[in-house]
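K.L.:
could you look at this predicted model? Sequence included:
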Amino acid sequence: MPIDPQNTLLTVQAGLAQLSTLIVSYSLSAIGAVILLVVGYIVAGLAERSISGGLKHIHGFDATLRHFFSKIVRYAILILVVIMVLGQFGVQTASIIAAVGAIGLAIGLALQGTLQNIAAGIMLLALRPFRIGEYVEVGAISGTVEEVGLFATRLRTVDGVYVLAPNSTLWNQPVRNFTRNGVRRGDITLTIGSWNDIDFAQKTMLSVAAAERRVRREPAPIAFVSTIGDTGVAVSLRYWTSAADFFATQIDLTKRIKQAFDAEGLSVPAPPPDAQRPEPSRTRQ
């Protein structure tokens, strides 16, 4: 059958006209979608900061919950913006919601472990065994809490290592919170020769502790013999200090007690058995 050039030209012209109309229509929709995405992203960020700043001014409001609620507002706005963008292209929002529900159900069935993390995250946020800024130890995981999310918790170890722990792992094990009570007990043990004056060594420890302002007066520090060996006696100092000063206080006290023992002639460690024993250290009156 011969092709009519005139009909072919008319068909091509009609197709090009429809194509140009579609390009113009969808170009405007695409530009509007981009603008909507940019504006929605900015609004979501502003809303997150506003919620966080507003809750920060509420006395006693927990920092962990403040961070959680501000994130929820941010993600809710972003989801709403995505639905509006799809609506720009003629997609029915009711269909979107139904599709999201079906996809969520399928993902929930496929990722049951993830749902466990979400449930654990909700329990962690509700019961708050730890908060942002607290130092905790959970099994083999330890560090300062930086963020508690729905899926995982971010921590920073004492040597600056980034740790992201699943919430289900943190929820299913005992939590040791070293910051929550505000105070911690420290023990420092040094060994002296068995011929040294034990009472004098204990008094030396207590005098060093009394001179340290970070050591609490209540409960009062105590010094005692922890172990006895053949040639040495382990003398310990037990004291209380604030959780924030724990490590610095322990480091400084250990150094000062060792220096005090050296100055008073208390042998650390004991000399070999065949060495001549020195005269007993003098006892302070």
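P.N.:
On my side now, so go ahead.

K.L.:
for the rest of this, base every contact and every neighbour count on C-alpha atoms.
P.N.:
Noted.

K.L.:
ok, then the element right after the host helix or strand of residue 36?
P.N.:
Taking DSSP states H and E as the definition, one finds residue 36 inside helix 5-56. Using DSSP H and E, the helix or strand that follows helix 5-56 towards the C-terminus is helix 63-88.

K.L.:
now do the buried residues in that next one.
P.N.:
Neighbour counts over helix 63-88 (16 or more other C-alpha atoms under 10 Å) mark 63-68, 70-71, 73-74, 77-78, 81, 83-85, 88 as buried.

K.L.:
now stretch 30-46
P.N.:
Buried positions in stretch 30-46, judged by neighbour count with 16+ other C-alpha under 10 Å: 33, 36, 37, 40, 41, 43, 44, 45.

K.L.:
tally of neighbours for residue 196?
P.N.:
Neighbours of residue 196 under the rule other C-alpha atoms under 10 Å: 21.

K.L.:
what residue ranges in the stretch 51-200 of the chain score low on pLDDT?
P.N.:
Residues of the stretch 51-200 of the chain meeting the criterion pLDDT under 70: 59-62, 64, 88-97, 99-100, 104-113.

K.L.:
redo that, cut-off 90
P.N.:
For the stretch 51-200 of the chain, the stretches with pLDDT under 90 are 51-128, 132, 147-151, 193-197.

K.L.:
strands of that one, start to end?
P.N.:
Using DSSP state E, counting those that start in this stretch, the strands of the stretch 51-200 of the chain run over 135-138, 141-148, 152-156, 162-166, 176-177, 183-193.

K.L.:
make JSON lines from those strands and add distance to residue 240 to it.
P.N.:
Listed next are the strands of the stretch 51-200 of the chain as JSON lines, based on distance: least, C-alpha to C-alpha, whole Å:
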{"stretch": "strand 135-138", "distance to residue 240": "18"}
{"stretch": "strand 141-148", "distance to residue 240": "21"}
{"stretch": "strand 152-156", "distance to residue 240": "25"}
{"stretch": "strand 162-166", "distance to residue 240": "30"}
{"stretch": "strand 176-177", "distance to residue 240": "16"}
{"stretch": "strand 183-193", "distance to residue 240": "4"}
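
K.L.:
quick one: the helices in the stretch 101-250 of the chain?
P.N.:
Taking DSSP state H, counting those that start in this stretch, the helices of the stretch 101-250 of the chain run over residues 112-127, 167-171, 198-210, 246-263.

K.L.:
the last one - what's its average pLDDT?
P.N.:
Helix 246-263 comes out with an average pLDDT of 94.

K.L.:
what sits against residue 254?
P.N.:
When contacts are counted by C-alpha atoms under 8 Å, 6 or more residues apart in numbering, residue 254 touches residue 188.

K.L.:
how does it look with 10 Å?
P.N.:
Residue 254 sits next to 187, 188, 189, 190, 205, 208, 237, 260 when contact means C-alpha atoms under 10 Å, 6 or more residues apart in numbering.

K.L.:
how far away is the fourth one from residue 237?
P.N.:
With the distance defined as C-alpha to C-alpha, to the nearest Å, residue 190 ends up 9 Å from residue 237.

K.L.:
one more: the first one?
P.N.:
From residue 187 over to residue 237 the distance is 6 Å, taken as C-alpha to C-alpha.

K.L.:
same thing with the last one?
P.N.:
Noted for residue 260: a distance of 13 Å to residue 237, by C-alpha to C-alpha.

K.L.:
what does the second one give?
P.N.:
Summarising the geometry, the distance separating residue 188 from residue 237, computed by C-alpha to C-alpha, is 5 Å.

K.L.:
compare the two (neighbour count), which wins?
P.N.:
residue 237 (23 against 17).

K.L.:
what is the burial count for the nearest residue to the more buried one once chain neighbours are set aside?
P.N.:
Excluding the flanking residues, the one nearest residue 237 by C-alpha to C-alpha, 6 or more residues apart in numbering is residue 223, at 4.5 Å. Residues near residue 223, counting by other C-alpha under 10 Å, number 21.
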